[in-house]
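# need the 3D shape of this:
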Amino acid sequence: MPATMPDLAILNDLDADVSATSGSSTTVIAPLTGQVLHELPVSTPDDVADAFARARLAQLAWARAGFAARRAVLLRAHDLLLERREDLLDILQSETGKTRGQAFEEVFQSATVTRYNALAASKVLRGGRRRSALPLIVDTTVRYRAKGVVGVITPWNFPLSLAAMDVVPALAAGCGVVQKADDQGALSVLALRRAFVDAGLPPELWSVVTGDGPVIGGAVTGNADYICFTGSTATGRSVAVTAAERLVGASLELGGKNAMIVLDDVDPLKAAADAAYGCFASAGQLCVSVERIYVQRGVARAFTEAFAARVESLRIGSAFDYTTDVGSLTSAAQLARVTAHVDDAVAKGATVLAGGKARPDLGPFFYEPTVLTDVTADMDCAAGETFGPVVSIYTVDTDDEAVIAVNDSDYGLNASIMSGSTARARSLAAVIDAGSVNINEGYRGSFSTVDAPMGGIKQSGLGRRNGREGLLRFVDAVTVSRSTGLLQLPRTGSEFASMAGPMVLLARVMKGARQR
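Below is the predicted model:
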């Protein structure tokens with residue numbers, strides 16, 4: 001049965017938080033029912049320009065306020081996110097169609113990201129003294145200057161997590177933010193922002209704009225001092241071109257065709273259960289979810305049978321509680337893409353071991369978690385990102401064959417290894433082409449470790465979010481050196497002549513003392 005939607009009266013109140021003066025709106029659909037969820041105000045390029053102007057003014061005071069003041073606001077926001085979790089969960093489920101449990105992961109991660117950056121910013125960005133090439137003669141310090149106003153462009157699939165992972169470290173570093181939220185994820189973003197404003201964040205410091213992606217997103221990238229983009233590889237390339245033309249930095253998290261290796265030393269039942277979550281969380285609409293599984297021949301039959309049985313047992317539904325395992329796709333376009341990939345594979349000879357069809361009896365965009373075998377290179381799902389609940393299983397013989405197959409992709413975002421031996425898994429992780437590798441877990445180990453960098457290689461993007469790296473992208477390092485006056489540096493040929501010998505001796509002494 002389709003879902004009974006919760007009361008979301010708060011949505012009308014959030015409209016005022018959109019930087020929009022056009023007087024027009026766009027329709028947000030509730031994926032679980034296909035009905036209209038909300039009419040969202042639409043921004044214009046002038047609204048974007050105004051948002052940047054207001055953010056630049058607010059950012060000056062925010063940067064001067066210092067780490068302690070910023071930390072206090074962010075920690076209050078952390079508490080409000082936890083206190084308001086039920087409202088956030090209702091909005092997130094209503095807007096994306098995911099299950100309560102997977103929505104909770106987003107709320108919890110948003111709070112974790114906020115706490116981490118609130119506490120880590122002063123340690124990572126405090127700057128300090130650096131060793132001079134000429135000790136006692138010159139002293140040198142490095143300080144970090146906030147870049148200014150950051151443009152953040154986020155997609156619909158993980159609106160809370162992906163917004164928090166870019167916006168919060170920017171705020172912690174002393175920057176302002178103008179965020180282009182996907183229209184289908186904007187309500188969750190606005191509820192997230194409201195918690196920060198209620199915690200004391202100046203409203204002008206973080207603006208949310210909506211509307212047509214190329215137009216409004218283009219206006220954001222055209223004004224930002226740094227750009228964070230999460231989305232498709234094709235769009236990411238155009239964002240990178242804009243950033244390069246303007247000589248501003250960018251971090252881009254793009255597509256993935258993530259792979260899992262199942263080694264022959266696993267417990268097949270446990271590996272199957274862990275793999276199923278890694279494939280079908282958020283109905284597979286996750287940049288780091290698994291779409292390819294390479295299982296070694298010695299355990300292939302046992303694992304495949306256990307995996308197919310596990311997938312068939314997953315509870316699909318639209319409940320606003322914790323009774324379901326897999327939710328809905330988010331849009332008709334997503335359903336069409338998934339259906340096309342599966343139909344193409346079956347028409348060309350693939351075998352369906354589980355799932356394989358839409359479930360309109362549950363809601364308009366539901367599609368069963370689907371397991372395929374006999375997938376060949378000419379099928380659309382073989383190398384192209386499906387971004388839905390579809391996974392292909394392949395049999396391999398050796399560890400090296402598995403690694404070669406995993407690396408035979410244009411993408412390199414996430415990978416995972418199921419093994420009974422940590423040492424064996426780590427040896428394979430060292431030669432896999434991916435920005436993150438999870439052992440005995442699909443993606444949550446790396447995705448949730450906010451103290452460690454996350455990002456892709458090859459066509460999966462540039463730069464890193466989370467950890468020290470996620471904070472450092474929002475600042476410029478400024479080096480300040482001072483002559484101490486104890487000894488004058490040479491300025492003339494004769495002065496160089498008298499100083500050359502002592503300077504060479506100093507270089508040799510420092511090498512002997514292992515001084516950089």
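
# for my notes, confirm Arg143 occurs in a strand.
Yes: under DSSP: H, G, I helix; E, B strand; the rest coil, Arg143 sits within a strand.

# just checking, what packs against the helix or strand encompassing Ala423?
Per DSSP states H and E: Ala423 is located in helix 422-429. Counting contacts by 3 or more Cβ pairs under 8 Å, 6 or more residues apart in numbering; DSSP states H and E, helix 422-429 packs against helix 399-407, strand 414-418, strand 436-439. To be clear about C-beta, it is placed using only N, CA and C from the backbone, and glycine gets the same treatment.

# quick one, which of these is packed in tightest?
strand 414-418 (a mean of 29; mean count of other Cβ atoms under 10 Å).

# next, the angle helix 422-429 makes with that one.
Strand 414-418 runs at 150 degrees relative to helix 422-429, counting by axes from the mean of the first three to the mean of the last three Cα atoms, to 10 degrees.

# what mean pLDDT does strand 414-418 get?
For strand 414-418, the mean per-residue pLDDT is 98.

# how far off centre is that strand?
Mean C-alpha position of strand 414-418 versus that of the full chain (Cα atoms, centre = their mean, to the nearest Å) differs by 17 Å.

# list the contacts for the residue nearest to Val295 when sequence neighbours are not counted?
Closest residue to Val295 apart from its sequence neighbours, by Cβ to Cβ, 6 or more residues apart in numbering: Val262 at 4.0 Å. For Val262, the contact set (Cβ atoms under 8 Å, 6 or more residues apart in numbering) comprises Ala271, Ala275, Ile293, Tyr294, Val295, Gln296, Val299, Phe303, Met418.

# the lengthiest helix in the chain - contacts with which helices or strands?
With secondary structure taken from DSSP state H, the chain has its longest helix at helix 100-125. Judged by 3+ Cβ pairs under 8 Å, 6+ apart, the packing partners of helix 100-125 are helix 67-83, helix 85-96, helix 159-172, helix 444-448, helix 467-472.

# one more time with 7 Å
Applying 3 or more Cβ pairs under 7 Å, 6 or more residues apart in numbering; DSSP states H and E, we find helix 100-125 packed against helix 67-83, helix 85-96, helix 159-172, helix 467-472.

# quick one: Arg297 and Asp399 touch, right?
No: in this structure, Arg297 is not within contact of Asp399 by Cβ atoms under 7 Å, at 12.0 Å.

# pLDDT weak spots in the protein?
Scanning the chain for pLDDT under 70 picks out 1-2, 516.

# list the contacts for the residue positioned nearest the centre of it?
By Cα atoms, centre = their mean, the chain has its centre lying nearest to Leu162, at 4.8 Å. By Cβ atoms under 7 Å, 6 or more residues apart in numbering, the contact list for Leu162 reads Thr154, Pro155, Thr230.

# cutoff 8 Å now
Thr154, Pro155, Thr230, Glu253.

# number of nearby residues for Arg514?
Arg514 has 6 neighbouring residues, counting by other Cβ atoms under 10 Å.

# do the same with Asp46
Using other Cβ under 10 Å, the number of residues around Asp46 comes to 11.

# how close does it sit to Gly97?
Distance of Asp46 to Gly97, given as Cβ to Cβ, to the nearest Å: 33 Å.

# with Val326 instead?
Counting by Cβ to Cβ, the separation of Val326 from Gly97 is 10 Å.

# can you check Gly363 too?
When Gly363 is compared with Gly97 (using Cβ to Cβ), they lie 8 Å apart.

# neighbour-wise, which of these two wins?
Each of Gly363 and Gly97 has its neighbours counted (other Cβ under 10 Å); Gly97 has more, 29 against 23.

# pretty sure that one contacts Phe320?
No: counting by Cβ atoms under 8 Å, Gly97 stays clear of Phe320, with 11.4 Å between them.

# all strands for the stretch 201-350 of the chain, in order.
For the stretch 201-350 of the chain, applying DSSP state E, counting those that start in this stretch gives strands covering 206-209, 226-230, 249-253, 258-262, 290-296.

# out of the ones you listed, the one nearest Arg129 is which?
With Cβ to Cβ as the criterion, Arg129 lies closest to strand 249-253 of the strands of the stretch 201-350 of the chain, at 25.8 Å.

# what's the closest one in contact with?
The contact list for strand 249-253, computed with Cβ under 8 Å, 6+ apart, reads 147, 162, 166, 226-230, 236, 239-240, 243, 287, 413, 454-456, 460-465, 473.

# pull out the buried members of these.
Buried by 16 or more other Cβ atoms under 10 Å: 147, 162, 166, 226-230, 236, 239-240, 243, 287, 413, 454-456, 460-465, 473, out of these.

# sorry, back to before: including distance to Leu92, could the contacts of Val262 go into JSON lines?
Below are these laid out as JSON lines (distance: Cβ to Cβ, whole Å):
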{"residue": "Ala271", "distance to Leu92": "30"}
{"residue": "Ala275", "distance to Leu92": "25"}
{"residue": "Ile293", "distance to Leu92": "28"}
{"residue": "Tyr294", "distance to Leu92": "33"}
{"residue": "Val295", "distance to Leu92": "34"}
{"residue": "Gln296", "distance to Leu92": "38"}
{"residue": "Val299", "distance to Leu92": "37"}
{"residue": "Phe303", "distance to Leu92": "33"}
{"residue": "Met418", "distance to Leu92": "30"}
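
# and the two most separated of those?
Ala275 and Gln296 (13.6 Å).

# comparing the two, which shows the higher neighbour count?
Neighbours were tallied for Ala275 and for Gln296 using other Cβ under 10 Å; the higher tally belongs to Ala275 (28 against 21).

# would you check that that one makes contact with Tyr294?
No: judged on Cβ under 8 Å, Ala275 makes no contact with Tyr294 at a distance of 11.3 Å.

# ok so, going back, give me the common contacts of Gly363 and Gly97.
With contacts taken as Cβ under 8 Å, 6+ apart, Gly363 and Gly97 have Pro31, Leu32, Ser318, Ser328 as neighbours in common.

# distance of Phe307 relative to Val290?
With Cβ to Cβ as the criterion, Phe307 and Val290 are 11 Å apart.

# what's the overlap in contacts for the two?
Common neighbours of Phe307 and Val290, counting by Cβ under 8 Å, 6+ apart, are Ala275.
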